[in-house]
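Colleague: Okay, sequence plus prediction incoming.
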Amino acid sequence: MPHIWCPGCGHGIVLNSLLRAVEKLQLERNDIVMISGIGCSARIQGYVDFHTMHTLHGRALAFATGIKMAWPLLKVIVPMGDGDALAIGGNHFIHAARRNIDVTAIIMNNSIYGMTGGQHSPLTQCGDHATTAPYGTVDSPFDVVQLASAAGASFIARTTTYHARDMTRLLAAAIEHKGFSVVEVLSQCPTYYGRKNDAGDAVAMMERFRDETVKVTADGAVPGDRSGRMDGAHEPVPVGLFRREERPEYCEAYRTRVMEPALEQAQSAARDVSP
Amino acid sequence: MSVERRLDVNRHWCKGCRICVAFCPRNVLALDREGKVVVMRPDDCIWCGDCEIRCPDLAITIVKEAAS
């Protein structure tokens, strides 16, 4: 059966790359759990044969934290949209990053709320049009890479649907990484974002991802001299791997700091009362 | 034993978004009258897989078969 996404929707390309990443890692279907919230992006888990859970808007990371804590051996993947992750779920996002829990967050950023009719999101660029911004968005967007970086995520990458091979490689690396990993994927919504902003069809939007991005160097630095540019509007968007570092993972830290001492204490208490 | 490759198109899944047609480096693919993708020039295909990896509908697959 064809999926529910509109013709040319970038979310299908994310599904395509994700399946290739899972195949590349040769993961067992039973070892993966995919937890999503609400939105076009969230529907992705309905098309995979892993353990899946469709939860509350913005709260997928909270459910993911619980599942990972209960069963740390599972690979937990959380696909989210830009509104799901950064508006409704903004707090869950920064706190999951702060804890460095071993969860892979995929932020499918199409700059708009597609499912509910094209409202602007916290990732809609300033000046862009949306159903709720007929004169152009006044608010400045979040930069997911900088936000995740400040919040403490230990793996941060950004890619686009045009760069599908990079996406597969980055998703595989993110799933393998031990700690909170964030992969932002710039995705096209030709139906709402494209129409509202005269951005053309899916092909035109993907060509823009190709032409208006710049790959970061191996150490995560943005190439080129950006010091003299003031407007910011025409800056190419940096894509690639920005951070991959080792930091204590939450489930492991919880086990060594809380569970093991508590168990030891309980055992010694039991020894004291036994004859 | 040689391996034969062909492009397999799932017409039921194709939504005619034109992404594969536009990004094919050898102009192998086209949309037909129904707006679905067809392999117009199979002999020109270099099996780069660009259509396969970018298809949002997972409607194109490079199939490898042992030649009889």
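Modeller: On my side now, so go ahead.
Colleague: Tell me how far residue A:179 lies from chain B.
Modeller: Per C-beta to the nearest C-beta, to the nearest Å, residue A:179 is found 27 Å from chain B. The way it works is simple: take the backbone N, C-alpha and C, and place the C-beta from them, glycine included.
Colleague: Would you mind listing the residues in contact with that residue?
Modeller: Residues in contact with residue A:179 (C-beta atoms under 8 Å, 6 or more residues apart in numbering or on different chains) are A:100-102, A:153-155, A:246-247, A:249.
Colleague: Which pLDDT value belongs to residue B:1?
Modeller: For residue B:1, the model assigns a pLDDT of 67.
Colleague: For residue 55, which residues are in contact?
Modeller: I'll assume chain A. Applying C-beta under 8 Å, 6+ apart, the residues contacting residue A:55 are A:35-37, A:63.
Colleague: Not quite, go with chain B.
Modeller: By C-beta under 8 Å, 6+ apart, the neighbours of residue B:55 are A:12-13, A:16, B:19-20.
Colleague: what ranges do the helices span in chain B?
Modeller: For chain B, the helices defined by DSSP state H occupy B:19-23, B:50-54.
Colleague: pLDDT averaged over the first one - what is it?
Modeller: Confidence over helix B:19-23, taken as the mean pLDDT, stands at 97.
Colleague: can you tell me if it touches chain A.
Modeller: Yes. Counting by C-beta under 8 Å from any C-beta of the partner chain, chain A is contacted by helix B:19-23 at B:19, B:22-23.
Colleague: Residues in contact with that helix: which ones?
Modeller: By C-beta under 8 Å, 6+ apart, helix B:19-23 touches A:8, A:202-203, A:206-207, B:29-31, B:37, B:50-51, B:54-56, B:60.
Colleague: could you dump it to CSV, C-alpha only?
Modeller: C-alpha atoms of helix B:19-23 as CSV (Å, rounded to 0.1, in the frame of the first residue of the first chain):
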residue,chain,number,x,y,z
ILE,B,19,12.4,13.4,-8.0
CYS,B,20,13.9,10.3,-9.7
VAL,B,21,13.5,11.8,-13.2
ALA,B,22,15.1,15.1,-12.2
PHE,B,23,18.1,13.7,-10.4
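Colleague: how far away is the closest residue to chain B within the stretch 1-150 of chain A from residue B:40?
Modeller: Chain B sits closest to residue A:12 of the stretch 1-150 of chain A, with a gap of 2.7 Å, by C-beta to the nearest C-beta. Distance check for residue A:12 against residue B:40: by C-beta to C-beta, to the nearest Å, it reads 23 Å.
Colleague: Could you do residue B:58 as well?
Modeller: Counting by C-beta to C-beta - residue B:58 and residue B:40 are separated by 21 Å.
Colleague: Looking at these two now, which is surrounded by more residues?
Modeller: For residue B:58 and residue B:40, the more surrounded residue by other C-beta atoms under 10 Å in any protein chain shown is residue B:58, and the numbers stand at 18 against 14.
Colleague: Off-centre distance for stretch A:103-111?
Modeller: In terms of C-alpha atoms, centre = their mean, to the nearest Å, the centre of stretch A:103-111 is set 3 Å apart from its chain centre.
Colleague: tell me, how many neighbours does residue 29 end up with?
Modeller: Since no chain was named, I'll use chain A. When neighbours are defined as other C-beta under 10 Å, residue A:29 has 10 of them.
Colleague: Not quite, go with chain B.
Modeller: 24.
Colleague: which residues sit in contact with it?
Modeller: B:7, B:20-21, B:37-40, B:51.
Colleague: Show me what it bridges to in the sheet.
Modeller: residue B:39 (DSSP bridges).
Colleague: ok, now which ones touch the closest residue to residue A:41 other than its chain neighbours?
Modeller: Nearest residue to residue A:41 in three dimensions, chain neighbours excluded: residue A:81, at 3.7 Å (C-beta to C-beta, 6 or more residues apart in numbering or on different chains). By C-beta under 8 Å, 6+ apart, residue A:81 lies in contact with A:37, A:39-42, A:107-110, A:113-114, A:121.
Colleague: In strands only, show me these.
Modeller: Counted as lying in strands by DSSP state E, out of these, are A:107-109, A:113.
Colleague: By neighbour count, which of these wins?
Modeller: residue A:108 (29 neighbours).
Colleague: Could you find the closest non-adjacent residue to that residue?
Modeller: Leaving aside its chain neighbours, residue A:108 sits nearest to residue A:41 (4.2 Å; criterion: C-beta to C-beta, 6+ apart).
Colleague: Could I get the pLDDT score of the one you found?
Modeller: Taking residue A:41 on its own, its pLDDT is 96.
Colleague: any idea how far residue A:116 is from it?
Modeller: 13 Å.
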